[in-house]
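Undergrad: Would you be able to build a 3D model of this:
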Amino acid sequence: MKTGIIIYAAGNAPGNWTEEDENKIRKSLHRAHAVEIITTETGYFDIHDAWMSFLTRGINHIICKMAVFNESGEFKLTGSELRLCG
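TA: Next up, the predicted model:
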């Protein structure tokens, strides 16, 4: 079974947030076959778009992790998770 992780980041992404920052996060989640990050700056517009993208690629074990950008612009996972299933 393929696993996909959607990371939903609340708050405004800092102006210097780049695709390279997203790639570092993707690489740190090595147990997933695919990772999509939703921020105000990059990625999908909402969780549903990422979810449907995973389903169309045959990924059916989907986890949604919550993250925030703190006041200094750092990206932090909150530890909250949802399991999404189709």
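Undergrad: what's the pLDDT at Tyr44?
TA: Listed pLDDT for Tyr44 reads 63.
Undergrad: right, I mislabeled it, should have said Gly86
TA: Value listed for Gly86 in the pLDDT field: 57.
Undergrad: Equivalent analysis for Met52, please.
TA: 91.
Undergrad: mind checking how far it is from Trp17?
TA: 24 Å (CB to CB, to the nearest Å). Yep, even glycine has a C-beta here, placed from its N, CA and C like the rest.
Undergrad: For the two, indicate the residue with more neighbours.
TA: Trp17 (19 against 12; other CB atoms under 10 Å).
Undergrad: what helix or strand is that one on?
TA: Assignment of secondary structure by DSSP states H and E places Trp17 within no helix or strand.
Undergrad: Also Arg26?
TA: Arg26 belongs to helix 19-28, assigned by DSSP H and E.
Undergrad: now do Ile37
TA: With DSSP H and E as criterion, Ile37 is part of strand 34-38.
Undergrad: Same check on Leu82?
TA: strand 75-84.
Undergrad: I'd like to know which elements that strand is packed against.
TA: In terms of contacts (3 or more CB pairs under 8 Å, 6 or more residues apart in numbering; DSSP states H and E), strand 75-84 is packed against strand 3-10, strand 61-69.
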